[in-house]
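Novice: A predicted structure for the sequence below; I have some questions about it.
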Amino acid sequence: EVQRLNQQLEEKNGEIQQMINQPPFEKEREILRLQKSLAEREKAQATSDVLCRSLTDETHQLQRKLASTAEMCQHLAKCLEEKQRKEKGNSNDQIPTEIPNQVFLLLLYNETSLQALICNLQDENRMLKQKVAHV
């Protein structure tokens, strides 16, 4: 273990000596390359941050929309129950199924579109993470 560490230390010292012995213009070129690389990473990180904030905002908007949709569906279900109770009290006719079907279709549409949007956001998030990891 000590020999391995001494060997690594010698290698690092060799790299340092090599950098010290480089002509000044090569040192400057290496510094410029590293600065450019750092600037690119900072730009990618800033872009990633903006996109993450945007996704967070969009997620909050979707959560609010889902909550309001659920509230509306609950209200429609209560109205439907009241209507059914009134109809049962007035007659023994069969209860129309159009309103429950409408509520069901509304719920199905909202859930389907929300699931599709969530999948799109997850795919976009995964791609952004891959880009950040690549950078």
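Specialist: Perfect, I can see it now. This one's a predicted model, so the numbers in the text were calculated from it and none came from an experiment.
Novice: Against which helices or strands is the helix or strand harbouring A70 packed?
Specialist: Secondary structure from DSSP states H and E places A70 in helix 24-90. Here helix 24-90 touches helix 98-134, going by 3 or more CB pairs under 8 Å, 6 or more residues apart in numbering; DSSP states H and E. No exception for glycine: its C-beta is placed from N, CA and C like everyone else's.
Novice: residues near V2, how many?
Specialist: V2: 6 surrounding residues under other CB atoms under 10 Å.
Novice: residues contacting the closest residue to C52 other than its chain neighbours?
Specialist: Using CB to CB, 6 or more residues apart in numbering and skipping residues adjacent in sequence, the residue nearest C52 is L128, 7.4 Å away. The contact partners of L128, taken as CB atoms under 8 Å, 6 or more residues apart in numbering, are S48, L51, C52.
Novice: Go through those and name the one nearest K88.
Specialist: C52 (52.9 Å; CB to CB).
Novice: about what we covered before: quick check: the residue nearest to C52 vs Q45, distance?
Specialist: Applying CB to CB, to the nearest Å, the value for L128 to Q45 is 11 Å.
Novice: Check E30 too.
Specialist: The gap separating E30 from Q45 is 22 Å, by CB to CB.
Novice: Report the contact partners of L121.
Specialist: By CB under 8 Å, 6+ apart, the contact set of L121 is L55, E58, T59.
Novice: Name the member of the residues you listed with the most neighbours.
Specialist: In terms of neighbour count, L55 stands highest of the contacts of L121 at 15 neighbours, by other CB under 10 Å.
Novice: Please tell me I have it right and that one contacts D123.
Specialist: No: using CB atoms under 8 Å, L55 makes no contact with D123, being 11.4 Å away.
Novice: Many thanks, I have nothing further to ask.
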